[in-house]
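Novice: Here is my input; please provide its structure:
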Amino acid sequence: MLINTLFTALIAGWFASVIINYLADTLPIHRRFIKPTCTSCGKAYTVGSYLFHFKCNNCNHRHGFRQLITLIIMLVLAFVIFFFSSAAALSKGIDMLVAGYLLLIIVIDIEHHLVLHTITATGMVIFGLIGVKEHGLWPTLLGGMVGFVIMYLFFILGHFYSQIKSKRSGVEIEDAIGFGDVTFSGVCGLLLGWPNIVAGLTAGIVLGGVWSLGILFFVLFKKSGDISTSFMAYAPFIAIATCLLWFLIH
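Specialist: Here you go, the predicted model:
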């Protein structure tokens, strides 16, 4: 039984990391499902280059560090889900789907500063169905609406701040929160439902604030740069908070 569980967790985490890495390599650039290509020689990656090693079969150029980190994270999450959860097989599968989706959001936002509408639209369907199964229809819909509205208010405030700062400094400053963060918060609201989305967004905002303070202290210590003109990917903090809260309430 232990060997079977170990093998299942290994395969599930491995397979999930392959899908995440493939989507993160193709969707932000091509917006569709195609074969990703090597950035060194331009040749398309083979299936084996994703399944068995992280380098190009043609020139041996390594994909990058992200693929390995993604694999490690999904293997750890798979082991936690399959070893420490007493839920049924279907629930474990749902947990893997939730974790994989949120990690995909994190990877793409960190690398490209994007929360793709195609991914959020897919998340609305997937998380909406999961939310209805877990919480019922109205708590799911209310959670999605509240998540969207709360982050939309922060989006408006951040936009006004960026405009004021841009006029004063003469440098164009990106909005602190993108509209992709707003739609993604609505997706997380569908998953967590009402009132859990309030706790999820609060935790995400706190995590983002702690990270910003860390960067601020680093900038002050180095006495270089201006944190107010730097972009911070916000969706990862919402995703991390959502994932943690999901596993606590699920």
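Novice: contacts, neighbours, all on C-alpha from now
Specialist: Noted.
Novice: Following the helix or strand of the chain with the lowest mean pLDDT in sequence, what is the next regular element?
Specialist: Ranking every helix and strand in the chain by mean pLDDT, DSSP states H and E puts helix 47-51 at the bottom, with a mean of 64. Using DSSP states H and E, the helix or strand that follows helix 47-51 in sequence is helix 65-84.
Novice: Buried residues in the helix or strand just after that next one, which are they?
Specialist: Using DSSP H and E, the helix or strand that follows helix 65-84 in sequence is helix 89-112. By 16 or more other CA atoms under 10 Å, the buried positions in helix 89-112 come out as 92-93, 95-96, 98-109.
Novice: before we move on, what about stretch 182-198?
Specialist: Buried-residue list, stretch 182-198, by 16+ other CA under 10 Å: 182-194, 196-198.
Novice: Then stretch 117-130?
Specialist: For stretch 117-130, the neighbour count (16+ other CA under 10 Å) marks 120, 123, 124, 126, 127, 128, 129, 130 as buried.
Novice: Mind telling me what element the first one is part of?
Specialist: If I follow you right, that is residue 120. helix 117-135.
Novice: ok, residue 217 - how many residues close by?
Specialist: 12 (other CA atoms under 10 Å).
Novice: Give me the three-state assignment for it.
Specialist: Secondary structure, DSSP: H, G, I helix; E, B strand; the rest coil: residue 217 is helix.
Novice: Distance of residue 99 relative to residue 114?
Specialist: Per CA to CA, to the nearest Å, residue 99 is found 19 Å from residue 114.
Novice: Below-threshold pLDDT in the protein: ranges please.
Specialist: 1-2, 30-64, 85-87, 161-162, 165-166, 168-176, 219-220, 222-232 (pLDDT under 70).
Novice: remind me, longest helix of it?
Specialist: helix 137-169 (DSSP state H).
Novice: Residue ranges of each domain in this structure, please.
Specialist: For the chain, automatic domain parsing gives the domain ranges 1-87, 115-250.
Novice: Out of those, which one sits most buried?
Specialist: Of all these, domain 115-250 has the most neighbours on average by mean count of other CA atoms under 10 Å, namely a mean of 18.
Novice: now do the same end-to-end measure for that one.
Specialist: Start-to-end, domain 115-250 (CA to CA) is 25 Å.
Novice: from the chain's centre, how far out does that domain sit?
Specialist: The chain centre lies 11 Å from the centre of domain 115-250; the measure is CA atoms, centre = their mean, to the nearest Å.
Novice: Then stretch 105-117?
Specialist: Put simply, stretch 105-117 sits 7 Å off its chain's centre (CA atoms, centre = their mean).
Novice: Repeat that for stretch 67-84.
Specialist: 15 Å.
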